[in-house]
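**Q** With the sequence up front, the predicted model follows.
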Amino acid sequence: MYMATSDEELALAAAGGDAAAFSKLLERRYDSLFALCFRLTGSRAEAEDLTQDICAALPAKLAGFRGDARFATWLYRVAVNAAHDRRRRAAAHAKAAAGWGDQELDRRAANAEAADKVRWLRQAMRALPNDLRDTLALVLDELTHADAGQVLGVSEGTISWRISEAKKIIRAQRETEDRT
Amino acid sequence: MNDDDLEKLKAVMRTATPAPDDANKTANLALARKNFERFQGSVDALRQTPDCPETGFFREVRMLLNFLSNRVALAASAAIVAFGAVMLLPIGDALGPPTISANREAVTPEPVPDYQAQAGATAEVPSSADRVSAERRLRALSPTTASRDREDSTYVTEAVENKLQIVEPSWFSAEDRTEEFANANDNPVKVAAESPVSTFSIDVDTASYSVVRSSLLNGYLPPFEAVRVEEMINYFPYAHPAPEGDAPFQPTVSVSPTPWNADTKLLQIAIQGALPEIEDRPPLNLVFLIDTSGSMDEANKLPILKQSFRLLLEQLRPEDEVAIVTYAGTAGQVLDPTPARDRNTIHTALDRLYAGGPTAGQAGLQQAYATARGMTVDGEVTRVILATDGDFNVGISDPERLKEFIERQAGIGAYLSVLGFGRGNLDDATMQVLAQNGNGTAAYIDTLGEARKVLVDQLSGALYPIADDVKIQVEFNPSQVAEYRLIGYETRTLRREDFNNDAVDAGEIGAGHSVTAIYEVTPVGSPARLTDPLRFQVDEITSTSDELGFLRLRYKSPGTTTSRLIEQPVTADLAPSPEAGFAAAIAGFGQLLRGSNYLGDWSWDDAIALANANRGDDLYGYRAEAVQLMRLAQSLDQR
């Protein structure tokens, strides 16, 4: 019966202390949140950890939700910030922070052709600096440039510029690949 | 790379993205919920600070809302009701989070959240899982919820059907929700020729209606499993004929057209309990067992609880006795048995109650019952009233022992009632199990208005039992009735043979209570019949009776172990009771909320019109309030 209630209404109810609304909301958004975490990290294990971080912090964060943005956009912003924090921590611990290095992805692919495609995706994502990669992850997640701009706190034009930069880098990287 | 590449990348990204791991998902959701609870706790602690200037103001707003939600309707012409419903919404919104401004200040000072520290909370997940599985075991003790958890088939016949109907709630598995609701799918349509006998236990609880109201006033539709239709119907007082002479209750059976189906009929069985004069009531001993855990420290919990008990005190006679035991926070006996005439002492003890402090794992429940035993003299009524927001850490952690303990105490005359306060952590399922085993009622108190209804207007019913283990059995006549369906009572189904088995527990009726059960009945030959007659099994209906069915009622007088039987034929020409219309409207309301598929195109408008046409005297405005809630649900349902 919650079906008729929008994410934003649930979020506001949850911000007001309604645990049932909070549960419903998170359950509704969990899978897409996890998908985004995967796209930001390129590793299933990292994505699980990141999702856990976000779930743990979300109740406190949610108090700051004022209903002036779509909840999905707001949640993506939380996720991107959490991913940044995680990268910073990893860097501080001198761990390799480069995303999309997880070769297990190729192995999970259904067949050789799919494995090739996934490898291509992985190498493309790896070739990008963090900000371009995050931007591309959001745009590949069907966000418009305007929404992605809201999530990352930059203008729509910046997003478009970053995407074209990302395309250039991926093209260059692919040409190197093709020559070898 | 061109845009084609971007599209390709998108497609590969989609296929490369794995699905989340189910176990992690469950654990993460549980973690989030736990932190949510903890976070709310810290916010609420903030709310209670005496130098917080908002508190007083918001309390007044809240009181105003309570006042409105119960009173607007009182005087109400339809126009005033419409106005009330419209103005309630904005106030409700402003009301919900009075602490937001305060909690933002409390929370925002962390510029870079320490995810490591947050992740530290993970360590708590297993212990909560333990607690939850203990609760699950506790629920398994209740026949009504057992089928959800149990694999063995000791609980046969009707329970087997129940088992098939049980659906897991949609947004969390039963193990990891904060709010637990006891419910099952709608009772199915039965073919009278195949299973002519329907048996169930009465249910005088009203908790479900209050939960529904609280959800709607907060601006969202309640989850379907929070809606128990019979508890909604039984929430309202009805003017049924009272019993004459020494009979503890009077059944009234009526047959009326079904509002949502022209081709079926509603068979209503209403039971009205006797209301002894106040001077004739036996002396009463009450032990308040109060949860003072930190989570009770919220405006709608402990403060309302104190107010509720003050209201209750006004209703007691001077010689009745009251004692207070607390658990889970500040612990122990805070008030020795005190006669109600000594009001100041009791009020002072109530005033001194506060939530929080160290959690003491002491035996609150045993202490409460020991106190109760000490107070009881022959012929007196003793009741423990457990008031909590969902923390059942009462001192006995083994659910089997807890259930046995409560049942044994009920057997020797100390009854248990459970009052739920606040939302968020409410464990409706455990409340139901405890109250059912303790021969008491479970009620949910969300406003002072509700406290008045439960503890003042219906005090006698809540505190003085007049009949125990009341069971209803209806045998339908297949020559007259093709199909039937019991509306509500999903959690109260009994096996056919349990009807005559006095060892099988069932619901109690208190003084002045009324209980209504509604069947939707499809007469033979009606186009509304949903099932086809069997082809290879020749119906051998030899009955030539024109009775629709036969009603059997069993009950025990309080304190006795042998049941008595009341029998009465149900004929088609029984006049509709004047109260049947409103009960039918509420039955429709509940089914609309549950998303039931037996209503056809019967709509919210129809429910509202039917309820309005049957408001009757409605001295306390309960029915007018129901109409408001229907209108609220209608607008929420359209979004």
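**A** The structure has been received and is ready for your questions. Worth saying up front: this structure is predicted, and the values here are computed from it rather than measured.
**Q** what's the helix or strand for A:Arg162?
**A** Taking DSSP states H and E as the criterion, A:Arg162 maps to helix A:156-179.
**Q** Say whether chain B is contacted by that helix.
**A** Yes: using CB under 8 Å from any CB of the partner chain, helix A:156-179 reaches chain B at A:Ile163, A:Lys167, A:Lys168, A:Ile170, A:Arg171, A:Arg174. C-beta coordinates here come from the backbone N, C-alpha and C atoms, glycine included.
**Q** By mean pLDDT, which helix or strand of chain A comes out lowest?
**A** When each helix and strand of chain A is scored by mean pLDDT, DSSP states H and E, helix A:104-108 comes last, with a mean of 69.
**Q** where does the helix or strand that comes right after it sit relative to the chain's centre, distance-wise?
**A** For helix A:104-108, the succeeding helix or strand toward the C-terminus, using DSSP H and E, is helix A:112-126. How far helix A:112-126 lies from its chain's middle: 18 Å, per CA atoms, centre = their mean, to the nearest Å.
**Q** which helices and strands sit right next to helix A:112-126?
**A** helix A:104-108, helix A:130-140, helix A:156-179, helix B:3-16 (3 or more CB pairs under 8 Å, 6 or more residues apart in numbering or on different chains; DSSP states H and E).
**Q** run the last query once more with 10 Å
**A** Packing partners of helix A:112-126 (3 or more CB pairs under 10 Å, 6 or more residues apart in numbering or on different chains; DSSP states H and E): helix A:19-41, helix A:104-108, helix A:130-140, helix A:156-179, helix B:3-16.
**Q** B:Ile324: which of the ones you listed is closest?
**A** Using CB to CB as the measure, helix A:19-41 is the one of those that comes nearest B:Ile324, at 28.3 Å.
**Q** Quick check: buried residues in the following helix or strand past that closest one?
**A** Sequence-wise, the next helix or strand downstream of helix A:19-41 (DSSP H and E) is helix A:44-62. Neighbour counts over helix A:44-62 (16 or more other CB atoms under 10 Å in any protein chain shown) mark A:44, A:46-62 as buried.
**Q** restrict the residues you listed to those near chain B?
**A** A:44, A:47-62 (CB under 10 Å from any CB of the partner chain).
**Q** Break chain B down into its structural domains.
**A** The record's domain parsing of chain B by automatic domain parsing lists B:22-127, B:178-276+B:466-533+B:541-637, B:278-463.
**Q** Mean pLDDT lowest where, among those domains?
**A** In terms of average pLDDT, domain B:22-127 trails the rest of those, at a mean of 47.
**Q** hmm, back to that, could you dump the domains of chain B to a markdown table with mean neighbour count?
**A** Formatted as a markdown table, the domains of chain B follow (neighbours: other CB atoms under 10 Å in any protein chain shown):
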| stretch | mean neighbour count |
| --- | --- |
| domain B:22-127 | 16 |
| domain B:178-276+B:466-533+B:541-637 | 20 |
| domain B:278-463 | 20 |
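**Q** now those in CSV, with distance to chain A?
**A** Output for those, formatted as CSV (distance: least, CB to the nearest CB, whole Å):
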stretch, distance to chain A
domain B:22-127, 3
domain B:178-276+B:466-533+B:541-637, 4
domain B:278-463, 4
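**Q** With distance to A:Ala148 as extra columns, can I get the ones you listed in a markdown table?
**A** Compiled in a markdown table, the domains of chain B are given as follows (distance: least, CB to CB, whole Å):
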| stretch | distance to A:Ala148 |
| --- | --- |
| domain B:22-127 | 23 |
| domain B:178-276+B:466-533+B:541-637 | 30 |
| domain B:278-463 | 35 |
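**Q** Now do the helix or strand where B:Ala30 lies and helix A:19-41, the angle between them.
**A** Using DSSP H and E, B:Ala30 maps to helix B:22-47. Here the directions of helix B:22-47 and helix A:19-41 differ by 130 degrees (axes from the mean of the first three to the mean of the last three CA atoms, to 10 degrees).
**Q** Relative to A:Arg70, which of the domains of chain B is closest?
**A** Closest among the domains of chain B, using CB to CB: domain B:178-276+B:466-533+B:541-637, at 18.1 Å.
**Q** where among the helices and strands packed on helix A:112-126 is the average confidence lowest?
**A** helix A:104-108 (a mean of 69).
**Q** doesn't B:Gly621 make contact with B:Pro237?
**A** No: applying CB atoms under 10 Å, one finds B:Pro237 not in contact with B:Gly621, separated by 11.3 Å.
**Q** Check chain B and tell me which residue is nearest its centre.
**A** B:Ala207 (2.8 Å; CA atoms, centre = their mean).
**Q** Now it: closest residue in space that isn't a chain neighbour?
**A** B:Tyr444 (4.0 Å; CB to CB, 6 or more residues apart in numbering or on different chains).
**Q** Pairing partners for whatever helix or strand the one you found lives in, with directions?
**A** Using DSSP H and E, B:Tyr444 maps to strand B:442-445. Its sheet considered, strand B:442-445 pairs with strand B:414-421 (parallel) by DSSP bridges.
**Q** Check the offset of the partner strand from the chain's centre.
**A** So, by CA atoms, centre = their mean, the centroid of strand B:414-421 is 12 Å from its chain's centroid.
**Q** Next: stretch B:621-639.
**A** 19 Å.
**Q** do stretch A:16-32 as well
**A** 19 Å.
**Q** and if you look at stretch B:231-239?
**A** Per CA atoms, centre = their mean, the centroid offset for stretch B:231-239 relative to its chain is 13 Å.
**Q** Ok, stretch B:253-261 next?
**A** On CA atoms, centre = their mean, the centre of stretch B:253-261 falls 25 Å from the chain's centre.
**Q** Stretch B:19-31 now?
**A** Counting by CA atoms, centre = their mean, stretch B:19-31 comes out at 30 Å from the chain centroid.
**Q** Please list only the buried members of the residues of helix A:156-179 next to chain B.
**A** Buried by 16+ other CB under 10 Å: A:Ile163, A:Lys167, A:Ile170, A:Arg174, out of those.
**Q** and these, which two are the farthest apart?
**A** A:Ile163 and A:Arg174 (16.1 Å).
**Q** Just the CA atoms of the helix or strand containing B:Ala372, as CSV, please.
**A** Per DSSP H and E: B:Ala372 is located in helix B:364-375. Extracted C-alpha coordinates of helix B:364-375, given in CSV (Å, rounded to 0.1, in the frame of the first residue of the first chain):
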residue,chain,number,x,y,z
GLY,B,364,10.6,-6.8,35.6
LEU,B,365,7.8,-9.2,34.7
GLN,B,366,8.3,-11.6,37.6
GLN,B,367,8.4,-8.7,39.9
ALA,B,368,5.2,-7.3,38.5
TYR,B,369,3.4,-10.6,38.9
ALA,B,370,4.9,-11.2,42.4
THR,B,371,3.5,-7.8,43.3
ALA,B,372,0.2,-8.6,41.8
ARG,B,373,0.0,-11.9,43.7
GLY,B,374,0.7,-10.1,46.9
MET,B,375,-2.2,-7.7,46.2
